[in-house]
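1. Build me a structure from this.
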Amino acid sequence: MTGYGRTFFGPAWSDADSNGCDTRSDILQRDLTGITFQSGSSCVVDAGALNDPYTGQVIDFVRGFAYPLR
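-> As a prediction, this is how the structure comes out:
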């Protein structure tokens, strides 16, 4: 088999708990502090900060080019 097909792997982000937000949004809301949401949404996180337990660093998350998965 050759080639790549996104459909082979199922939907990108499902709403596994049926709360109206996809799994990616649920995890970002769980793990980030100082969250701001995309205008008109209570699910899609635009920005926040992760207190990384492994490095002790604060990692800023900003939706956009550096974080292209939407």
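
2. in the sheet, who's paired with Leu50?
-> Leu32, Ile59 (DSSP bridges).

3. Next up, the contacts around it.
-> 31-33, 58-61 (CB atoms under 8 Å, 6 or more residues apart in numbering). The way it works is simple: take the backbone N, C-alpha and C, and place the C-beta from them, glycine included.

4. Okay, now the unreliable bits of this structure?
-> 1, 65-70 (pLDDT under 70).

5. where along this structure do the helices fall?
-> Remark: helices assigned in the chain by DSSP state H are 23-31.

6. Just the buried ones among the contacts of Leu50, please.
-> 31-32, 61 (16 or more other CB atoms under 10 Å).

7. For the residue most central in space within the chain, which non-adjacent residue is spatially closest?
-> With distances taken as CA atoms, centre = their mean, the residue of the chain nearest its centroid is Arg24 (3.7 Å). Using CB to CB, 6 or more residues apart in numbering and skipping the chain neighbours, the partner closest in space to Arg24 is Trp13 (4.5 Å).
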